[in-house]
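Peer 1: Below are the sequence and a predicted model; questions follow.
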Amino acid sequence: MDRRITLQRATLSANPYGERAETWGTLATVWAQVQYRVGGGESLQSDQVFSEQRINFIVRYSSDVSSVKPSDRISYNSDIYEIERVQEIGRNEGFRIITTLRGE
């Protein structure tokens, strides 16, 4: 576990115009192991081609990490990874966070 990642959670707040806006805050910054998964590819949405890179992040158990859910995201190497699912490893040992990086 030699990579530093930031787990982020969205909150709703009012912008200067009084409109509700989604902002991302830091849930936890932790050490992780990065596993690049075979697969990925491209998809077509609204006449634009998007590439996908699938990555698993393995993190140790902590009270901060135990609340991670698919609506959260991970920031790593200046990229944002969407969480697909979270799998527990052992009993309070760690988590495998399955993510996808989508880009144009």
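Peer 2: Cool, the structure landed.
Peer 1: And the strands in this structure?
Peer 2: 3-14, 20-36, 41-45, 48-60, 73-76, 79-89, 94-103 (DSSP state E).
Peer 1: now those strands as JSON lines including mean neighbour count?
Peer 2: Every residue, glycine included, has its C-beta placed from N, CA and C. Formatted as JSON lines, the strands of the chain follow (neighbours: other Cβ atoms under 10 Å):
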{"stretch": "strand 3-14", "mean neighbour count": "14"}
{"stretch": "strand 20-36", "mean neighbour count": "13"}
{"stretch": "strand 41-45", "mean neighbour count": "9"}
{"stretch": "strand 48-60", "mean neighbour count": "16"}
{"stretch": "strand 73-76", "mean neighbour count": "18"}
{"stretch": "strand 79-89", "mean neighbour count": "15"}
{"stretch": "strand 94-103", "mean neighbour count": "18"}
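Peer 1: can you tell me which of those comes nearest to Ser67?
Peer 2: Proximity to Ser67, assessed across the strands of the chain by Cβ to Cβ, is greatest for strand 20-36 (7.4 Å).
Peer 1: returning to what we had before: looking at the strands of the chain, which has the lowest confidence?
Peer 2: Comparing mean pLDDT over the strands of the chain, the weakest stretch is strand 41-45, at a mean of 52.
Peer 1: follow-up on the earlier one: quick one: closest of the strands of the chain to Ser66.
Peer 2: Among the strands of the chain, the nearest to Ser66 by Cβ to Cβ is strand 94-103 (7.9 Å).
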